[in-house]
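Asker: Return atomic coordinates for the entry below.
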Amino acid sequence: MAENDARLTAWVHGYVQGVGFRWWTRSRALELGLTGFASNRPDGRVQVVAQGQRDACEKLLDLLKGGGTPGQVDKVIADWSAPADAFTGFTER
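Answerer: Coordinates of the predicted model:
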């Protein structure tokens, strides 16, 4: 891990399940060189965990909030931390 690496955990609220949101998120994350996952939660949210360069994580967060996503994003709650587990690629869970 590089010094400027970070871990973003984002909770995406809205109409984000069953609309291709995880696939879209995976595609954007891979384009940005990030690893991690996007997972549907039982309460209807999608949890996104992304690791890599801080600026790439910030770009992904901007995209999640930006309105060009599948479905309807009402709000995104983000939490930042140091990189933790090593992920292989970016997966949909």
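Asker: so who does residue 24 touch?
Answerer: 69-70 (C-beta atoms under 8 Å, 6 or more residues apart in numbering). The way it works is simple: take the backbone N, C-alpha and C, and place the C-beta from them, glycine included.
Asker: Am I right that it is in a helix?
Answerer: Yes - read with DSSP: H, G, I helix; E, B strand; the rest coil, residue 24 is one of the residues of a helix.
Asker: That one and residue 52, how far apart?
Answerer: As judged by C-beta to C-beta, to the nearest Å, residue 24 and residue 52 stand 18 Å apart.
Asker: can you check residue 8 too?
Answerer: Counting by C-beta to C-beta, the gap from residue 8 to residue 52 is 9 Å.
Asker: Return the residues in contact with residue 51.
Answerer: Contacts of residue 51 (C-beta under 8 Å, 6+ apart): 5-8, 34-36, 57, 83-84, 87.
Asker: Report the beta-bridge partners for it.
Answerer: Beta-bridge pairing for residue 51 (DSSP bridges): residue 7, residue 35.
Asker: Just the helices from this structure, written as ranges.
Answerer: For the chain, the helices defined by DSSP state H occupy 21-31, 54-65.
Asker: If you count neighbours, what's buried in stretch 12-28?
Answerer: Judged by neighbour count (16 or more other C-beta atoms under 10 Å), stretch 12-28 contains these buried residues: 12, 14, 16, 21-22, 24-26, 28.
Asker: Please read the previous query as pertaining to stretch 77-92.
Answerer: Those would be 78, 83, 87, 90, for stretch 77-92 by 16+ other C-beta under 10 Å.
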